[in-house]
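Engineer: Quick one, fold the following:
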Amino acid sequence: MAKPSLNVDQLVSSKDASKKFGEIRKKAQESARKRKKAQESARKRKKAQEVSQFVMDNGSGWSSP
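Structural biologist: Numbers count the residues shown, from 1 in each chain. Sure, this is the predicted structure:
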């Protein structure tokens with residue numbers, strides 16, 4: 001079985017590889033931040049909806065004089 005070989009066109013300098021990896025890592029971090037922010041917003045909306053429903057079901061708890 002023959003071993004695979006690399007030619008010059010397939011080689012990448014460490015500088016280029018590092019730069020590309022940094023770009024990919026930055027995009028991944030940005031995506032994770034956006035996902036976390038979206039989840040937090042969804043959680044807040046759900047909580048607001050639950051509170052609103054509770055008030056609708058039980059009244060505000062404030063009595064008029």
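
Engineer: Next, residue 6: secondary structure please.
Structural biologist: With DSSP: H, G, I helix; E, B strand; the rest coil as the basis, residue 6 sits in coil.

Engineer: Flag the shaky bits of the protein, pLDDT-wise.
Structural biologist: Confidence mapping of the chain against pLDDT under 70 gives the ranges 60-65.

Engineer: what's the burial count for residue 59?
Structural biologist: By other C-beta atoms under 10 Å, the residues close to residue 59 number 9. C-beta: built from backbone N, CA, C; applies to glycine.

Engineer: Over to residue 47?
Structural biologist: 10.

Engineer: Kindly report the same for the one 5 residues further on.
Structural biologist: Other residues near residue 52 come to 10 when the count uses other C-beta under 10 Å.

Engineer: how near is it to residue 14?
Structural biologist: Residue 52 sits 56 Å away from residue 14, going by C-beta to C-beta, to the nearest Å.

Engineer: repeat for residue 38
Structural biologist: To residue 14, residue 38 is 36 Å away according to C-beta to C-beta.

Engineer: Taking the centroid of the protein, which residue is nearest it?
Structural biologist: The chain has residue 35 as the residue nearest its centroid, 2.3 Å off, counting by C-alpha atoms, centre = their mean.

Engineer: Compare residue 38 and residue 14 (neighbour count), which wins?
Structural biologist: Neighbour tally, residue 38 and residue 14, criterion other C-beta under 10 Å: the higher count belongs to residue 38, 10 against 7.

Engineer: Sticking with the residue nearest to the centre of the chain, tell me its helix or strand.
Structural biologist: Using DSSP states H and E, residue 35 sits in helix 14-58.

Engineer: Which strands or helices does that helix pack on?
Structural biologist: Helices and strands in packing contact with helix 14-58 are not found; criterion 3 or more C-beta pairs under 8 Å, 6 or more residues apart in numbering; DSSP states H and E.
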